[in-house]
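Trainee: sharing a sequence plus its predicted fold:
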Amino acid sequence: MTGLREAPADATARYEMVVGLEVHVQLRTHTKAFCSCDTTYGAPPNVNTCPVCLALPGALPALNREAVRLAMRAAHALGCTVNDVSVFARKNYFYPDLPKGYQISQYDRPLALAGRLEIGDGDAVRTVGITRVHMEEDAGKSIHDRYPGATAIDLNRAGVPLIEIVSEPDMRSSAEAVAYLAALKQILEYVDVSDVNMEEGSLRVDANVSARPRGATTLGAKTEVKNMNSFSGVQRALDAEFQRQCALLERGERVEQQTMLWDGARNEVRPARSKEASHDYRYFPEPDLPPLVLERRWIDEVRAELPELPRARRARFAREYGLAAADIAVLTASPALAGYFEAAAKLHRDPKAAANWVMGEVLAALNATNESIRDFRVTPAALARLLDLVRDGVVSHSAAKRVFALMVETGEPADRVAEREGLVQVRDADELTRGVDEVLAEHPAEAGRFRAGETKLLGVLVGLVMKKSKGRAAPRRVNQLLSERAGG
């Protein structure tokens, strides 16, 4: 990596990784932080711009109230204290996609401070401190592959509202860092402040990482790793940078404080520039924006409006529905999926059956179509009705899967599909008896052995009857009839 040998495995065991994360989250607003330009992703380049986000002379910023509300909502969900007064500042640096030559951010007086986020479950729970949550605007985007030998600039993102969530350096492995990101992403989804889509840049991660001898309490020199666009990329980048630092320390060399870029294709990190300190940005209060003064009543209202958070919902599902922890983790992965399951479970009144179908058929159908649960054709009520039909013996479990597939395809209710497709179970005694007798007559050897006491053939014979009836025979009644034939 960057021309250095990797540290031997026994060498890395002598050092401890220390990680803190800076996560930038795009807020779910229709307009930008300081102007009324659209924030929709995927618009043609430089369409969503105006004099404010283009930094034309005389254009003044006006703060987006909804962005403030969403930022407070996120801060409350992370257990932070929201400050009555915070101050916007100019963070000065030059880059082609930053037309003003500075970014409006917050510095010494941020929106919120001192939160916490728990990762893991049971005895393995660890708490990661949240240093601060502050508001800022996004920069534009440099595009290096559009024109040969030239860089293009798209300013659609310039001025999009962000929050930056800064953690304490409380993580001690790349796995813990990924667990923190997963928990953070889930909370932000639950409180509906962002779509947290890494592919579209709605969630971006910078990692501060250092290595220190095990047992040491002081922090080593840190580097900042950028350009990680997936959780797996974060984990691999942290491991690569830790290896690089361990190799330096083993040779008695010094780790330089610098910014590193992750190259996922080569599985390596490489230096980008020396790491800036706060004074490099020449922060000073934004003269075009007054201090952000929040009424305590509004702060309290935003906190009171928070929905049930993931950890609380997992605990309630265990308490109310008696489900296994692994099942609960799947069902609460997103608020929409958790809501879908709970609605179906309450209507059907058998949470285990509802859980099995949601984790099985429902998720399989969503994965096959790449569809959102919010747009799914089979509503919780429709799924509950199908499960009622299975419980009541109207359709068999295998037939129900066929019914469900057609419900996904057509959006029709379960009763109509089952009736039209001839999948309603046959429970007429005469018809079932006739089917059993025909199977016994068609398979005399198996029938004889079954009557002689070879009970393991019961399942085979039931299967043959089900096949003959095209899955419509009621399995329990077929089982009873065959047992009667064997004298059971």
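Mentor: Okay, I see it.
Trainee: who's in contact with stretch 227-240?
Mentor: Stretch 227-240 has contacts (CB atoms under 8 Å, 6 or more residues apart in numbering) with 1, 17, 19, 174-175, 177-178, 181-182, 198-199, 204-205, 207, 209, 225, 261-264, 267-269. Every C-beta, even on glycine, is put in place using the N, C-alpha and C of the backbone.
Trainee: quick check, pLDDT for Gly3.
Mentor: For Gly3, the pLDDT comes out at 42.
Trainee: make 19 the first number, not 1, from now on.
Mentor: I'll keep to 19 as the first residue from here, and by that count the last item is Gly21.
Trainee: that older thread, of the contacts of stretch 245-258, just the buried ones, ChimeraX syntax please.
Mentor: The following ChimeraX line selects those of the contacts of stretch 245-258 that are buried, judged by 16 or more other CB atoms under 10 Å:
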select :19,35,37,192,195,196,199,216,222,223,225,227,243,279,280,286,287
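Trainee: in this protein, where is pLDDT below threshold?
Mentor: Residues of the chain meeting the criterion pLDDT under 70: 19-29, 140, 291-297, 444-450, 486, 488-490, 492, 494, 497-498, 504-506.
Trainee: buried set for the longest helix along the chain?
Mentor: Taking residue count as the measure and DSSP state H as the definition, the longest helix of the chain comes out as helix 249-268. In terms of neighbour count (16+ other CB under 10 Å), helix 249-268 has its buried residues at 249, 251-268.
Trainee: now the helix or strand just after that helix against helix 249-268, angle please.
Mentor: Following the chain from helix 249-268 toward its C-terminal end, the next helix or strand by DSSP states H and E is strand 276-281. With axes from the mean of the first three to the mean of the last three CA atoms, to 10 degrees as the criterion, the two stretches strand 276-281 and helix 249-268 enclose an angle of 130 degrees.
Trainee: list the pairing partners of strand 276-281 within its sheet, with orientation.
Mentor: Each strand that pairs with strand 276-281, with its direction, by DSSP bridges: strand 241-246 (parallel), strand 286-292 (antiparallel).
Trainee: got a list of contacts for the longest one?
Mentor: Outside strand 286-292, the residues within contact range by CB under 8 Å, 6+ apart are 19-20, 243-244, 255, 258-259, 262, 274-281.
Trainee: looking at the residues you listed, which is nearest Phe52?
Mentor: Closest approach between those and Phe52, by CB to CB: Lys244, at 25.0 Å.
Trainee: in stretch 333-347, which residues are buried?
Mentor: For stretch 333-347, burial by neighbour count (16+ other CB under 10 Å) applies to Phe335, Tyr339, Leu341, Asp345, Ile346.
Trainee: surely the last one is within a helix?
Mentor: Yes. Using DSSP: H, G, I helix; E, B strand; the rest coil, the assignment for Ile346 is a helix.
Trainee: from the buried residues of stretch 333-347, which is closest to Lys485?
Mentor: Closest approach between these and Lys485, by CB to CB: Asp345, at 32.4 Å.
Trainee: what's the nearest residue to the closest one if we skip its chain neighbours?
Mentor: Ala373 (5.5 Å; CB to CB, 6 or more residues apart in numbering).
Trainee: what about that neighbour, neighbour count?
Mentor: Other residues lying near Ala373 total 21 when counted by other CB atoms under 10 Å.
Trainee: got it, and Ala354?
Mentor: As a burial measure, Ala354 scores 15 neighbours (other CB under 10 Å).
Trainee: and if you look at the one 10 residues further on?
Mentor: For Lys364, the count of nearby residues is 14 (other CB under 10 Å).
Trainee: buried sites along the strand or helix carrying it?
Mentor: For Lys364, the element it lies in under DSSP H and E is helix 353-366. Using 16+ other CB under 10 Å as the burial criterion, the residues of helix 353-366 that qualify are Pro353, Leu355, Ala356, Gly357, Tyr358, Phe359, Glu360, Ala361, Ala362, Ala363, Leu365, His366.
Trainee: Ala418: which of those is nearest?
Mentor: Looking across the buried residues of helix 353-366 and measuring by CB to CB, the closest to Ala418 is His366, at 12.4 Å.
Trainee: is it true that that closest one touches Trp375?
Mentor: No. Taking CB atoms under 8 Å as the contact criterion, His366 and Trp375 are not neighbours in contact, 9.1 Å apart.
Trainee: now do the shared contacts for those two.
Mentor: Here His366 and Trp375 share the contacting residues Leu401, Leu405, scored by CB under 8 Å, 6+ apart.
Trainee: and what about Thr145, helix, strand or coil?
Mentor: Remark: Thr145 carries the secondary structure label strand [criterion: three-state DSSP].
Trainee: what sits against it?
Mentor: Each residue near Thr145 by CB under 8 Å, 6+ apart is listed here: Arg134, Leu135, Glu136, Ile137, Asp188.
Trainee: where exactly do the helices run in the stretch 69-218 of the chain?
Mentor: If DSSP state H, counting those that start in this stretch is used as the criterion, the helices of the stretch 69-218 of the chain fall at 83-95, 192-208.
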